[in-house]
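Q: Pasting the sequence and the predicted model now:
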Amino acid sequence: MAPSQNSPQTLLENANETTRLDIINCFFGEASKLESTNLECYFDYYHRELRRLRVGVVPVLSRLAAKTHHDLLVICRVLLAGRSRARSEIRTDLLSHFQTTDRQAVDRSIDLTIRLWLMINIRDSGYSLWTPSHQALYWEECSSLAGFISSQFRSSSTELGFRESRLDPEFTVANMVRICGLNVTWTDSINDHLRLDRRKKLLSVFPFKDFLVGHLNYAMTEQHGKRYRTHSIKLQSL
């Protein structure tokens, strides 16, 4: 029997138009005006990340507390509301919500939600080999999400005036390749943006600029500004 149109889609299914809209509204705000081309690029990433979890004799996807796309949105809202709370406290809330005693299933679901929502490569060390070109990060038990993000995107201690802080128009990736002989690789993880592998002369570049703008715009709304402020301040420094 085909599922009802109103039934939440499982993570085994690609998100349909209605589910996509719910995801965008939750992750980037209802006022988000992302162009359709950019939406396709984002959902290519979204579904690619989910496909990674379907591999193996016992796929990780089957061992998540989250079973549907809307379960991930529930986790996202809990993370937003508890951005200043420790990871262990967030997990306790979610264990109650999903009515499971499997701590690891909840932890993996939290990590997946953050990867899809904030594009930060948080994942269990046992699965870091799936993305060998990306630096895998771990959110410590006693740390809050806001604190974790602050530790990853530190503000510069150098104070520059307006003129000094502006990048020269010639400072482009194309010129880095042409003049410096660098090779460029795209990265889905914002924490790898502008990471340089000196041995390989390989520069990682995060291409989803419009979604950073989406986060920033969401931060400026009266209703959600305080909840996004910590993350948005760090994004502005990139």
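A: Arrived safely, thanks for sending. Just so we're clear, the structure is a prediction, and the values are computed from it rather than from any experiment.
Q: Is W117 located within a strand, as I assumed?
A: No - using DSSP: H, G, I helix; E, B strand; the rest coil, the secondary structure at W117 is helix, not a strand.
Q: hang on, it packs against C76?
A: Yes - using Cβ atoms under 8 Å, W117 makes contact with C76 at a distance of 5.3 Å. No exception for glycine: its C-beta is placed from N, CA and C like everyone else's.
Q: These two: who's more crowded?
A: W117 (22 against 19; other Cβ atoms under 10 Å).
Q: if I look at A136, how far off is A66?
A: According to Cβ to Cβ, to the nearest Å, A136 and A66 sit 20 Å apart.
Q: Could you list the low-pLDDT ranges of this structure?
A: 1-6, 30-37, 56-58, 125-134, 156, 160, 162, 164-165, 167, 219-238 (pLDDT under 70).
Q: what ranges do the helices span in it?
A: 17-28, 36-52, 69-81, 87-98, 103-118, 145-152, 162-165, 173-180, 209-219, 225-236 (DSSP state H).
Q: Name the stretch among those that sits most buried.
A: Most buried of those by mean neighbour count (mean count of other Cβ atoms under 10 Å) is helix 103-118; its value is a mean of 21.
Q: contact partners of it?
A: Contact with helix 103-118 is made by 27, 46, 49, 53, 60, 63-66, 71-72, 75-76, 79, 87, 90-91, 94-95, 98, 100, 120-124, 139, 145, 149, 189-190, 215, 231, as judged by Cβ atoms under 8 Å, 6 or more residues apart in numbering.
Q: try 6 Å this time
A: 27, 46, 49, 63-66, 72, 75-76, 91, 94-95, 120, 122-123 (Cβ atoms under 6 Å, 6 or more residues apart in numbering).
Q: again, but for stretch 89-98
A: Contact partners of stretch 89-98, identified using Cβ under 6 Å, 6+ apart, comprise 65, 78, 82, 106.
Q: which two in these are spaced the farthest apart?
A: A65 and G82 (16.3 Å; Cβ to Cβ).
Q: Who has more neighbours out of these two?
A: More neighbours surround A65 than the other of A65 and G82, with 23 against 17 (other Cβ under 10 Å).
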